[in-house]
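# take this sequence and fold it.
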Amino acid sequence: MLVKLEGLKNKVYLDGAAKKTIGIGHLLTAEELLTSKIKIDGKYYDYSLGLDDHLCKKLCLQDLERFIKAVDSIVYVDLNQNQFNALVIFCYNVGIRVFKESTLVKMLNEGNYKAVPLQLKRWNKIGTTVSQGLVNRRDAEIKLWLTPE
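Residues are numbered from 1 along each chain as shown. Here you go, the predicted structure:
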């Protein structure tokens, strides 16, 4: 499912923007950094020595909930499951506000489904530098978007 497009790292690492991250792209919050604890399904876990794969996946699914709701409320046109999943992953990566205000969403909500792959390709930079990681991620999202159910 959605998890397949992301790498899984059991210990804290710096993402492409040098932000402390764990699992499948979970950006550590100020509170989590301060306490070394993450709340997953209502229970706190000390992540300082790492999280097992199962907890990383649960954390990702927990994180995705708000992005799933966001895409569902922001996109007004019909989507197949793969298109929806591609947009959720994209929204997860760029953030809800940026997603909502994007040209991609504007064009899609106007019914221009064919514009989505080109719009996704535009989101390939960290600052002003093209990131091969983001190029790869966008290519995976486009492949998913173009895959029939």
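# for the host helix or strand of Ile89, packing partners?
If you go by DSSP states H and E, Ile89 is part of helix 81-94. For helix 81-94, the packing partners by 3 or more CB pairs under 8 Å, 6 or more residues apart in numbering; DSSP states H and E come out as helix 53-74, helix 96-101, helix 116-121, helix 132-146. C-beta here means a position set from N, CA and C on the backbone, and glycine is covered the same way.
# now stretch 26-34: buried residues?
If you call a residue buried by 16 or more other CB atoms under 10 Å, then stretch 26-34 has these buried ones: 26, 28, 32.
# what does stretch 120-127 give?
Under the neighbour-count criterion of 16+ other CB under 10 Å, stretch 120-127 has 120, 123-124 buried.
# also stretch 42-58?
45, 47, 51, 55-58.
# looking at those, which two lie furthest apart in space?
The most widely separated members of these are Tyr47 and Lys57, with 14.2 Å between them, by CB to CB.
# how far off centre is stretch 22-41?
The chain centroid and the centroid of stretch 22-41 are separated by 16 Å, computed with CA atoms, centre = their mean, to the nearest Å.
# for stretch 127-139, same thing?
With CA atoms, centre = their mean, you get 14 Å for stretch 127-139.
# and for stretch 141-149?
Distance of stretch 141-149 from the chain centroid (CA atoms, centre = their mean) equals 16 Å.
# can you show me the CA trace of that stretch as CSV?
Extracted in CSV, the C-alpha atoms of stretch 141-149 (Å, rounded to 0.1, in the frame of the first residue of the first chain):
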residue,chain,number,x,y,z
GLU,A,141,3.8,8.7,-7.2
ILE,A,142,3.2,9.2,-11.0
LYS,A,143,3.5,5.5,-11.7
LEU,A,144,1.0,4.9,-8.9
TRP,A,145,-1.3,7.7,-10.3
LEU,A,146,-1.2,6.1,-13.8
THR,A,147,-1.8,2.6,-12.6
PRO,A,148,-5.5,1.5,-13.1
GLU,A,149,-7.2,-0.2,-10.1
